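Engineer: Build me a model from this:
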Amino acid sequence: MHVTAVGVNRHLLCATGCLLVAVSACGSTSKATPPAQTGSATQRTADGDQVLATVEGQPITASAVRKALGQNLSKLEEQAYELKKQQVDTLIAERLLAVEAARRGTTVEALVQQEITAHVAPVTDSDIAAFVTANRSSIPGDPARLTAQIRDFLGAQRTAAQHDAFIATLRAKSNVQVRLEPPPVFRSEVVTDGAPVRGDVKAPVTIVEFSDFHCPFCRSVQPALTQVLAKYPGRVRLVYKHLPLDSLHPQARRASEAAWCANEQGRFWEFHDRVYAAGPDATDAALEKLAAEASLDRTAFDSCLASGKAKPAIQKDVDEGGRHGINGTPGFFVNGRFLSGSQPLAAFEHIIDEELKSDQ
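Structural biologist: The predicted model follows:
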């Protein structure tokens, strides 16, 4: 993340619920999809599946289309749902404020001033200094030139937090019913046989990570994955799949082949951790150093790497990632549910908790 004079506000408001488009993956791209034509009446098969088209009397069903589109359709449906949910929450908040203002015999503006604005602490110079310290690596140039914007952002963040807290109290004592239904969960069938596993192999939740050893976003997500495994011992396992992006990281495939050879000796994760810590270097000297640090049998490691037998295994993972529509790294499947990019711990927790709840 880079924070600029224009972008610093956008970054902070992301934390307070604004809808932003963020790039958190290596090689991510998006493609426009032309609108589908619809018929004049809804038809269904005998088992209730919607018929979207027919060819010589043979139906093309909604389930067949959903299966073919897979993650592409699921992602669009989730984005549409989040937009609707945010708007529903906004309208609920507006109604609750209006009702509470009427109950007190005042205006919404006066109510907001009394219960929200008046409770927001002013942003101090020390608050700004603390923000700059925490984000210094992402702020180019002299941070002093952004002082006014940082002050505005921290103030907006505090106001949003106080607003949300007050709305929560109003919702708790009001009859609010939300009937917006989330889209159906799409689960991809990802092959995990023979792939390295970290955690309990019998865990009810499986995270499959498609990753590139030289992708900075793949490196940055590793602490979150470590936290996940620590928080859910025995309940979550992590499976690693190789997806080197050759056009962006030309040495990454060599690193994957070396890691595959480390896995042949049962020491994949020891090698994995050292590769991410060392940075994007897959020269022979660098790989030899990592192999030594991971306590590998050097003769067996060198022989495996020189033989080329890792190459088809890596390509198999790459091909599978392509079949699932992954066009950037890292990409994750949590019990088959797709999650794209370098995600924070909370994003994994949200899906994991849902999966554990449904497993009960």
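
Engineer: and F332, what element?
Structural biologist: F332 is part of strand 331-334, with elements assigned from DSSP states H and E.

Engineer: from the chain's centre, how far out does that strand sit?
Structural biologist: In terms of C-alpha atoms, centre = their mean, to the nearest Å, the centre of strand 331-334 is found 8 Å from the chain centre.

Engineer: which residues make contact with whichever helix or strand comes after that strand from outside it?
Structural biologist: Going down the chain from strand 331-334, the next helix or strand is strand 337-340, by DSSP H and E. Residues from elsewhere that reach strand 337-340 (C-beta atoms under 8 Å, 6 or more residues apart in numbering): 24-25, 28, 71, 74-75, 185-188, 324, 326, 328, 331-333, 347-348, 351, 355. Glycine gets a C-beta too; all of them are placed from N, C-alpha and C.

Engineer: let's go with 7 Å and repeat that
Structural biologist: Applying C-beta atoms under 7 Å, 6 or more residues apart in numbering, the external contacts of strand 337-340 come out as 25, 71, 74, 185, 187-188, 328, 331-332, 347, 351.

Engineer: ChimeraX command for the buried members of these?
Structural biologist: Buried subset of these, written as a ChimeraX selection, criterion 16 or more other C-beta atoms under 10 Å:
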select :25,71,74,188,328,331,332,347,351
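
Engineer: Next, format the contacts of strand 337-340 as TSV and append secondary structure and distance to P312.
Structural biologist: Output for the contacts of strand 337-340, formatted as TSV (DSSP: H, G, I helix; E, B strand; the rest coil; distance: C-beta to C-beta, whole Å):
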residue	secondary structure	distance to P312
A25	coil	26
Q71	helix	25
S74	helix	30
V185	coil	33
R187	coil	27
S188	coil	22
G328	coil	24
G331	strand	21
F332	strand	24
A347	helix	33
I351	helix	32
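
Engineer: Looking at the contacts of strand 337-340, spot the one nearest L225.
Structural biologist: Taking C-beta to C-beta as the measure, F332 is the one of these closest to L225, at 8.9 Å.

Engineer: got a list of what that closest one touches?
Structural biologist: Neighbouring residues of F332 by C-beta under 7 Å, 6+ apart: 207-209, 339.

Engineer: Now list the buried members of these.
Structural biologist: Those of the contacts of F332 that meet the buried threshold are 207-209, 339, by 16+ other C-beta under 10 Å.

Engineer: so of these, which ones are in strands?
Structural biologist: Mapping the buried ones among the contacts of F332 onto strands (DSSP state E) picks out 207-209, 339.

Engineer: okay, these in TSV with pLDDT and distance to A130 next?
Structural biologist: Output for those, formatted as TSV (pLDDT from 0 to 100; distance: C-beta to C-beta, whole Å):
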residue	pLDDT	distance to A130
I207	98	34
V208	98	38
E209	98	33
L339	91	31
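
Engineer: how about those in JSON lines, adding distance to Q87?
Structural biologist: Converted to JSON lines, those look like this (distance: C-beta to C-beta, whole Å):
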{"residue": "I207", "distance to Q87": "31"}
{"residue": "V208", "distance to Q87": "33"}
{"residue": "E209", "distance to Q87": "33"}
{"residue": "L339", "distance to Q87": "24"}
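
Engineer: Which residue ranges of the stretch 1-150 of the chain form helices?
Structural biologist: Along the stretch 1-150 of the chain, counting by DSSP state H, counting those that start in this stretch, helices occupy 7-15, 62-69, 71-104, 108-115, 125-135, 147-172.

Engineer: Tell me which of those helices lies nearest to P280.
Structural biologist: Within these, the stretch nearest P280 is helix 125-135; the backing value is 24.3 Å (C-beta to C-beta).

Engineer: count of neighbours near A134?
Structural biologist: 9 (other C-beta atoms under 10 Å).

Engineer: Let me see the domain layout of the chain.
Structural biologist: If you go by automatic domain parsing, the domain ranges for the chain are 7-20+74-172, 197-359.

Engineer: mind checking how far the shortest one is from the chain centre?
Structural biologist: Yep, that's domain 7-20+74-172 we're talking about. Here the centre of domain 7-20+74-172 is set off from its chain's centre by 22 Å, with C-alpha atoms, centre = their mean.

Engineer: looking only at pLDDT, what's the mean for that domain?
Structural biologist: Here domain 7-20+74-172 scores 88 as its mean pLDDT.

Engineer: measure K75 to R235 for me?
Structural biologist: According to C-beta to C-beta, to the nearest Å, K75 and R235 sit 26 Å apart.

Engineer: picking that back up, would you turn the contacts of strand 337-340 into CSV with distance to A130?
Structural biologist: What follows is the contacts of strand 337-340, written out as CSV (distance: C-beta to C-beta, whole Å):
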residue, distance to A130
A25, 30
Q71, 40
S74, 40
V185, 40
R187, 43
S188, 42
G328, 33
G331, 34
F332, 32
A347, 25
I351, 32
